[in-house]
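# can you look at this prediction? I've put the sequence above it.
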Amino acid sequence: MEPKKKFGPPPGFQIPMADVSHIQRKWLDSPYASLSPAQKLDIYLPDEGEGPFPVLIHIHGGGFEIGDKQDIHILPYLKGLARGYAVVSVNYRLSGEAIFPAGLQDIKAAIRWLRANAQTYHLNGERMAACGGSAGGNYAAMVCLTASVAEFDDPRLGNAEYPCHVQAAVDMFGPTDFLKMDEQLDENGFGPGDHSQADSPESKYLGAKLADVPLKVVIANPMTYIHEHMPPLMIQHGRLDTLVPIQQSMMFVEKLKKYVSPDRFEFDILEGAGHGDPLFETDENMSKVFAFLDRHLK
């Protein structure tokens with residue numbers, strides 16, 4: 001029997017856009033590369049001050065296949081403007097246009113572009129964090145851990161003389177090992193899942209049914225790249241996530257405990273929270289996230 005569909009947007013579905021009209025200092029749709037119309041970013045600055053401001057780089061979610069830099073997922077991070085952060089939101093090639101690692105290469109190119117243009121936009125190129133939820137959480141963790149992995153750089157995207165590392169990252173309920181997701185959902189009583197199907201977001205992202213490309217699954221897994229000198233990483237996950245099972249982050253944390261010192265990571269389980277739950281965006285939780293970022297960027 002085919003598993004029931006648990007994910008995937010209905011035809012024509014679009015995540016609502018955020019209202020950013022109240023932000024006085026902003027640059028929207030700035031191109032950071034020229035290979036694709038998707039390679040654009042938005043820059044938001046605090047209302048006052050000349051900086052240079054530490055930078056929060058927001059990477060939207062959407063199963064690697066939908067979403068936009070200005071959708072409502074940016075809203076909790078825009079609270080960082082009042083705390084003295086510049087906020088940058090990045091679009092990248094989605095899986096319908098180009099498969100892995102194109103999106104990751106795009107995000108790294110955006111970071112290089114930001115460093116190349118830091119003075120123009122009042123940014124501190126030495127104080128940057130990657131932040132995202134779901135697919136954006138996977139990307140944030142990959143950016144955090146793979147600064148030196150040459151396969152994830154595309155020199156055609158420009159500014160190769162600038163580094164793509166970040167000083168910290170926030171991964172909210174991002175997937176890690178795609179092949180284990182359905183089994184874990186079953187364990188949690190949230191199955192049957194269909195991540196392993198040929199038309200799942202993860203299969204589309206990798207360009208093939210997951211079982212047919214196990215090595216590619218490993219290469220797209222941030223756990224593969226854990227290293228002793230990694231930037232600090234905050235991981236958050238909801239206990240009741242029915243889309244990306246909490247074990248995805250628990251496995252990540254167990255491996256971090258094995259290979260790096262405790263000051264390299266933090267892990268929060270949000271009891272009662274599902275996937276993309278509003279509990280992640282409360283002032284209480286975002287205060288915890290900003291406290292982590294303050295420690296590593298200020």
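Sure, I can see it. Because the structure is predicted, anything quoted here is derived from the model rather than measured.

# which parts of the stretch 151-298 of the chain are helices?
Listed in chain order, the helices of the stretch 151-298 of the chain (DSSP state H, counting those that start in this stretch) span residues 181-187, 201-206, 214-219, 247-259, 283-297.

# out of these, which is the most enclosed?
Here the criterion is mean neighbour count by mean count of other Cβ atoms under 10 Å, and of the helices of the stretch 151-298 of the chain the winner is helix 201-206, at a mean of 23. In this view, the C-beta of every residue, glycine as well, is placed from N, C-alpha and C.

# ok, and what's touching it?
Outside of helix 201-206, the residues within contact range by Cβ atoms under 8 Å, 6 or more residues apart in numbering are 7-8, 63-65, 95-96, 99-100, 103, 135, 175, 178, 181, 195-197, 209-210, 213, 216-217, 220.

# out of those residues, which end up buried?
Buried subset of the contacts of helix 201-206 (neighbour count, 16 or more other Cβ atoms under 10 Å): 8, 63-65, 95, 99-100, 103, 135, 175, 178, 181, 195-197, 210, 213, 216-217, 220.

# re earlier: looking at the helices of the stretch 151-298 of the chain, spot the one closest to K40.
Between K40 and those, the tightest spacing by Cβ to Cβ is seen for helix 201-206, at 20.4 Å.

# for the closest one, give the mean pLDDT please.
Per-residue pLDDT values across helix 201-206 average out to 98.

# also stretch 229-248?
98.

# so how far is that stretch from its chain's centroid?
Centre-to-centre, stretch 229-248 and its host chain are 12 Å apart (Cα atoms, centre = their mean, to the nearest Å).

# now it - C-alpha only, CSV.
Backbone C-alpha positions of stretch 229-248 (Å, rounded to 0.1, in the frame of the first residue of the first chain) are rendered in CSV as follows:
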residue,chain,number,x,y,z
HIS,A,229,36.9,23.6,15.3
MET,A,230,33.4,24.1,14.0
PRO,A,231,31.6,27.4,14.7
PRO,A,232,29.0,27.3,17.6
LEU,A,233,25.7,25.8,16.5
MET,A,234,22.3,26.0,18.2
ILE,A,235,19.8,23.2,17.4
GLN,A,236,16.1,23.4,18.3
HIS,A,237,13.4,20.8,17.6
GLY,A,238,9.8,20.2,18.6
ARG,A,239,9.0,16.9,20.3
LEU,A,240,5.9,16.5,18.3
ASP,A,241,7.3,17.1,14.8
THR,A,242,5.3,15.0,12.4
LEU,A,243,7.3,16.0,9.4
VAL,A,244,11.0,16.0,10.4
PRO,A,245,11.2,13.6,13.4
ILE,A,246,13.0,14.9,16.5
GLN,A,247,15.5,12.0,16.2
GLN,A,248,17.1,13.8,13.3
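
# for the nearest residue to F280 once chain neighbours are set aside, give the beta-bridge partners.
Counting by Cβ to Cβ, 6 or more residues apart in numbering, M172 is the residue found nearest to F280 once chain neighbours are left out, at 5.8 Å. Beta-bridge pairing of M172 under DSSP bridges involves G133, Q236.
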